[in-house]
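>>> Predicted model and sequence below, questions to follow.
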Amino acid sequence: MSSFYRSTVQEFLSRTDEQVLAALTVGYANRGYTTQYSDQTLAWQREVHLLRRTLNECVASSEAASYWGLLLEFSIPRKELRIDIVLLVREVVVAIEAKTSSLAPRAKQQIEEYALLLHYFHKASAEHRILPVVVSETLGAEDDATASFKSSLLSTRVGEVVRSSWDSLAGRLLALEDVSTTQVCVDSWDHSPYYPVPTIFEAAIALRSGLSIREIAHSEASEHEIGMVQENIQAVVDRARSEGQHAICFLTGVPGSGKTLVGLSLAHCTNNRLDAIHFMSGNGPLVRVLQHLFKNESMRAGAKSAQARTEAKTLIENVHVFARYHTEDNQGPPSNHAVIFDEAQRAWNREQNRKKFKRDYSEPEMILRIMERHEDWAVIVALVGGGQEINDGEAGLSEWGRALTSSTKRWIVHASPEVLSGGPSTANQRLYSNPIQGQVVQTNPALHLRTCNRSLRAEDLALWVNLVLNGDGERAAGLRMADKFPILLSRSLEETRTILQKQGVGTNRFGLIGSSGAARLRVEGLEPSSSFHAEYPWEHWYLAQATDVRSSFRCEVFATEFEVQGLELDWIGLCWGGDFVWDNNRNDWLLRSFRHGRESKWAVIGNAEKRTYRRNAYRVLLTRSRQGMVLFVPEGDPNDPTTSCSEFDATASFLIRCGATACPSAGSRIGASLSR
């Protein structure tokens, strides 16, 4: 079980303090602790005594209180955190942090974090209301006169933190009884599965340390899916190695479904120690952030700076550096028989490759040619995010098909049926534009990840985003995203910052993001220039603490689609730009670029390819959040035609029609989930 002690209230009251303390001590020892300090024992003794007094009072007033569930020292799996007391009052989960002083530092933040972890990751708590409470012996009457327990649960699944004295705790608990007539079973609740969804950074470090993808565990909906995908791709690698094949495997999936996680897992899999799989990406910010992360972890483990930096660069490499080396400096086969190409849809087409490096072939052709130097066997694992091409010259899925068709080597293609037929799951892209001739293709449905795991408890987020971008507000609203995933809309940047800061509990990371084409965000004090963004230290924006002015927590610098693709935050503030506004007359989005000059103005984008890039930019931006997002739509300036009030009003209204919730005042707290 997850708790040191578990029983009904009736069973707890039938035992002596000594029996309960003995159970806590045994639970402590079973967790591997070799020493128990006297302070801990005395704290438990005081807590059990006060809890017994409170629960006796509850049972004297209500017989039903005898059947409440009680758990002491409930351990939150894999987080190394324990909740002092959990009371299951009918269907309300009351998480209590007991303190000797009402002024105990971080008490409010601590119990709020515990409550949110239960809400997001503990299956038995996901659909119940959770009340975080700080209880203290020294709380004064003035401090104790806060809102009632019940009132704090009226609008959110996770209530606001309530402070209470031990003297008033019983009355407040009894007031929760009429919230429900059903009693949660304490045994089932304690044994309920816990499904932590790691950030890309947590997963990368865990994989680096030797954990398997199953040990890291994603959400319930995808734990088996991601593990099965890795096993399927590993089987392709093993077969190519043993049978002397050249194989290419396309893994597609909705944004946030775990494609990069699968790639990192394969790269660190013990099956591939002798023939290591090399992980590469053309996403510069992603490479820099992960290299910085791996370097810091190696240094914490005792490695010197130079050694750590070199090791980090071998774990993940920029694909352009790989390509340059093997076309200009080394004409032999690569050291690795298998490579993983993350964000493979962003590989350059022939024109862009010629422009950048004077190479008269596309990047997919170049990667195939390099890997074909292996006469015995080779594998390419291409991780493709459909509909996420966001820049000039990004070839997309179809360029890989063209490169394979023109190759002189017999490549065996492994892909999901969606890759061949196209459709919403791949943003209507197909590997082959024409019927396949002479190509060996093996289809496997497992090679498409359908569940968004980046966004906690919001598997339909990718579908919602597609509907919004397609202008289908009615169907988007029909998904009722707010039931699981807060999507808020604010007309004030200051309010947006305030709301984000209120979500920054525990280890939650938040920050501002926006389109690279949102040139007039400068009016709001946000710098959009590409030269500024190219030079910014994004590794610190993602990894540094709030005390570092470069970090995302400061909400001073917004990341564009180029800096957030493949990465994520717990909460985002998406700063909407004039490059993508709703037109009520056309009942469609206006996709625009900004033209500087004596008459600076927005111009509608006519080029079909550039229109796709602009739409995809917002697809990337809208799918970067794990817990919730605030859509900041500026109010505009009636005296500035480049920040039109009517255009922004229309955009805000359409987003609300799609299901976004208009923000309350900046002083209000947004709960972990909006009311059902």
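Sure thing, it's come through.
>>> Can you give me the pLDDT of Leu139?
The per-residue pLDDT reported for Leu139 equals 66.
>>> Kindly report the same for the one 3 residues further on.
If you check Glu142, the pLDDT there is 45.
>>> do the same with Gly171
92.
>>> Report the secondary structure state of it.
helix (DSSP: H, G, I helix; E, B strand; the rest coil).
>>> So which residues of the stretch 301-450 of the chain form helices?
Using DSSP state H, counting those that start in this stretch, the helices found in the stretch 301-450 of the chain span residues 305-315, 319-324, 350-357, 363-371, 397-406, 417-421.
>>> The stretch 101-250 of the chain now?
Using DSSP H, counting those that start in this stretch, helices in the stretch 101-250 of the chain cover 107-121, 141-144, 166-174, 186-191, 200-208, 213-216, 223-243.
>>> Quick one: residues in contact with the fourth one.
So that's helix 186-191. The contact list for helix 186-191 (CB atoms under 8 Å, 6 or more residues apart in numbering) reads 1-3, 6-8, 69-71, 74, 88, 93, 124-125. Heads up, the C-betas are built off the backbone N, CA and C, glycines and all.
>>> tell me the mean pLDDT for that helix?
92.
>>> for the longest one, same thing?
Averaged across helix 223-243, pLDDT comes to 85.
>>> other SSEs contacting it?
Judged by 3 or more CB pairs under 8 Å, 6 or more residues apart in numbering; DSSP states H and E, the packing partners of helix 223-243 are helix 213-216, strand 246-253, helix 259-267, strand 378-384, strand 411-415, strand 448-449.
>>> Heading C-terminal from the longest one, find the next helix or strand.
Just to be clear, that refers to helix 259-267. Downstream of helix 259-267, the first helix or strand assigned by DSSP states H and E is strand 277-281.
>>> I would like the residues contacting that following strand, please.
By CB under 8 Å, 6+ apart, the residues outside strand 277-281 that reach it are 237, 263-264, 266-267, 269, 287, 315-319, 322, 334-336, 338-343, 379, 381, 566.
>>> Count the neighbours of Gln109 for me.
13 (other CB atoms under 10 Å).
>>> So for Ile572, which of the helices of the stretch 101-250 of the chain sits nearest?
helix 200-208 (14.5 Å; CB to CB).
>>> Can you point out the buried residues in that closest one?
Residues of helix 200-208 classed as buried: 200-201, 203-208 (neighbour count, 16 or more other CB atoms under 10 Å).
>>> Repeat that for stretch 334-352.
Those would be 334, 336-350, 352, for stretch 334-352 by 16+ other CB under 10 Å.
>>> and those, which of them are in strands?
Residues from these lying in strands, with DSSP state E as the criterion: 338-342.
>>> circling back to that earlier point, and the helices of the stretch 301-450 of the chain, which is most packed in?
helix 363-371 (a mean of 23; mean count of other CB atoms under 10 Å).
>>> angle of that helix against strand 411-415?
130 degrees (axes from the mean of the first three to the mean of the last three CA atoms, to 10 degrees).
>>> that older thread, from the contacts of helix 186-191, which single one is nearest Leu591?
Ser125 (42.6 Å).
>>> On the pLDDT front, check the closest one for me.
For Ser125, the predicted pLDDT is 89.
>>> next one: His374
95.
>>> Any idea how many residues pack against it?
18.
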